[in-house]
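A.B. asks: quick one, structure for this:
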Amino acid sequence: MDTSKLSALELANALAQVPSVQVMHDMADVGMQVRAHRKQQKLRIDDAAALIGVSVDLFSRLENGAGGIRTDKLLTVLDSLGLVMIIAPKDHDYVQDLPRDKVFDTYGK
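C.D. replies: Residues are numbered from 1 along each chain as shown. Below you'll find the predicted structure:
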């Protein structure tokens with residue numbers, strides 16, 4: 001999917017339908033996924049933050065792609081939303097064998 005010409009709303013809507021794997025290039029990519037999955041679960045940001053045990057400020061900064069989020073807090077939010085972070089070498093067989101129609105890459109790589 002070419003996201004270079006999508007508005008923020010169109011991109012958020014696209015992410016709500018996102019395949020199961022997304023390549024993350026920066027915190028903005030992470031934030032879009034977090035927001036999409038929170039909205040998919042029909043949670044307001046304050047309700048999600050309270051349920052997860054983090055501040056609304058942290059949740060908002062995370063969704064907006066701000067840096068400075070502690071790794072343990074990021075992993076807690078991801079886990080609570082049913083997401084997982086996988087780190088692998090770019091050339092690893094696992095990454096190379098992912099079906100391309102199931103991988104969302106904001107830079108089209």
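
A.B. asks: could you use CA atoms for every contact and neighbour count after this?
C.D. replies: Fine.

A.B. asks: my guess is residue 77 contacts residue 55. True?
C.D. replies: No - taking contacts as CA atoms under 8 Å, residue 77 lies outside contact range of residue 55: 10.9 Å.

A.B. asks: neighbour count: those two, which is higher?
C.D. replies: The neighbour comparison of residue 77 against residue 55 (other CA atoms under 10 Å) goes to residue 77, with 24 against 14.

A.B. asks: ranges for the strands of this protein?
C.D. replies: Per DSSP state E, the chain carries strands over the ranges 21-23, 103-105.

A.B. asks: weakest of those strands by average pLDDT?
C.D. replies: Mean pLDDT per stretch puts strand 103-105 lowest among the strands of the chain, at a mean of 58.

A.B. asks: point out where this structure drops to low pLDDT.
C.D. replies: 1-20, 95, 97-109 (pLDDT under 70).

A.B. asks: 80 instead?
C.D. replies: Residue ranges of the chain with pLDDT under 80: 1-25, 88, 90-109.

A.B. asks: any buried residues in the lengthiest helix in the chain, and which?
C.D. replies: Longest helix in the chain by number of residues (criterion: DSSP state H): helix 27-40. Within helix 27-40, the residues that count as buried by 16 or more other CA atoms under 10 Å are 27-39.

A.B. asks: now swap in stretch 39-53 and tell me
C.D. replies: Neighbour-count burial for stretch 39-53 [16+ other CA under 10 Å]: 39, 45, 48-49, 52.

A.B. asks: in JSON lines, list those along with distance to residue 64.
C.D. replies: Output for the buried residues of stretch 39-53, formatted as JSON lines (distance: CA to CA, whole Å):
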{"residue": "39", "distance to residue 64": "14"}
{"residue": "45", "distance to residue 64": "12"}
{"residue": "48", "distance to residue 64": "15"}
{"residue": "49", "distance to residue 64": "14"}
{"residue": "52", "distance to residue 64": "18"}
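
A.B. asks: now intersect those with the helices, please.
C.D. replies: Short answer: the buried residues of stretch 39-53 in helices (DSSP H) are 39, 45, 48-49, 52.
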